[in-house]
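# Provided below are the primary sequence and the corresponding predicted coordinates.
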Amino acid sequence: MAQIYTSQDLAQILAREREACLRGDRLSLTASTTRFNPIVEPFVNAEGVQKFTAFCDFRDAVHDYQRTHQVSGLLWRRFTVKGLSIEYPEVDEHLIALPQDLEILALHKPPVLDFWRRIAQGMETYCHQGKHSPHSPVSSSEIELQSQRAEWAYLHKLEYPGALEITLQLGWGCPKEASYQKHWPLSGCCFIHAVEPGRVPQSAYY
């Protein structure tokens with residue numbers, strides 16, 4: 001009987017393949033730069049396109065394997081801040097979420113919300129909807145409303161000298177598509193940032 005790879009197996013395989021593609025060990029010789037605007041095409045690195053395409057082709061094959069064998073795209077993550085920890089599932093950055101994965105994410109939304117409320121006590125909160133939207137102060141009642149609308153929740157933290165920022169990502173639809181406005185309204189998310197009083201969110205990674 002053929003081996004069925006686990007979610008962890010596939011995540012590790014994709015991570016190794018990505019490194020191989022970045023080194024140039026894998027190239028898609030059929031990749032073309034003609035899909036780019038003719039004005040910018042002369043400046044496009046053909047080898048870079050070949051590396052990227054090679055990885056995308058391999059990743060698509062892994063996604064097909066997930067669907068065929070019903071291998072979850074979820075990995076368990078341990079999040080620790082202020083001496084407190086929680087474990088909850090997230091979709092791996094290179095895998096896809098199956099329909100049943102979304103159900104599992106929804107089941108773990110309440111404990112993630114409860115944990116964030118505990119660690120964000122005494123901090124000031126701000127909200128923004130995407131990379132280019134401004135941060136605006138948000139009340140606890142508005143956060144609760146956003147939480148009720150959300151289907152899943154992730155946690156992030158940003159630590160820098162003398163300060164800490166803890167972010168609650170509230171989303172719906174496909175987690176992979178939620179951060180991209182082009183998938184709105186089927187998928188989307190908002191970010192609730194908790195910062196020390198007097199600080200403003202940095203959020204360089206969103």
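Arrived safely, thanks for sending.

# okay, now the unreliable bits of the chain?
Along the chain, segments meeting pLDDT under 70 span 1, 22, 24-52, 130-134, 203-206.

# hey, where'd the helices end up in it?
Taking DSSP state H as the test, the helices found in the chain are 7-23, 46-69, 99-107, 109-119, 140-149.

# got the angle between the first one and helix 99-107?
In this structure, helix 7-23 runs at an angle of 110 degrees to helix 99-107, with axes from the mean of the first three to the mean of the last three C-alpha atoms, to 10 degrees as the basis.

# quick one on the thing from earlier: among the helices of the chain, which is nearest residue 185?
Of all these, it is helix 140-149 that lies closest to residue 185, at 11.3 Å by C-beta to C-beta. To be clear about C-beta, it is placed using only N, CA and C from the backbone, and glycine gets the same treatment.

# that closest one: which residues count as buried?
Buried residues in helix 140-149, counted by 16 or more other C-beta atoms under 10 Å: 143, 146-147.

# quick one on the thing from earlier: export the helices of the chain to a markdown table and tack on distance to residue 125?
Output for the helices of the chain, formatted as a markdown table (distance: least, C-beta to C-beta, whole Å):
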| stretch | distance to residue 125 |
| --- | --- |
| helix 7-23 | 32 |
| helix 46-69 | 36 |
| helix 99-107 | 23 |
| helix 109-119 | 10 |
| helix 140-149 | 6 |
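
# closest to residue 157 out of those helices?
Residue 157 lies closest to helix 109-119 among these, at 9.2 Å (C-beta to C-beta).

# the closest one: which residues count as buried?
For helix 109-119, by 16+ other C-beta under 10 Å, it's 109, 112-113, 115-116, 119.

# the nearest residue to residue 179 once chain neighbours are set aside bridge partners, please.
Of all residues not flanking residue 179 in the chain, residue 189 sits nearest, at 6.2 Å (C-beta to C-beta, 6 or more residues apart in numbering). Beta bridges link residue 189 to residue 171 when assigned by DSSP bridges.

# separation between the closest residue to residue 74 other than its chain neighbours and residue 105?
Excluding the flanking residues, the one nearest residue 74 by C-beta to C-beta, 6+ apart is residue 89, at 4.2 Å. Applying C-beta to C-beta, to the nearest Å, the value for residue 89 to residue 105 is 6 Å.

# who touches both of these two?
residue 74 (C-beta atoms under 8 Å, 6 or more residues apart in numbering).
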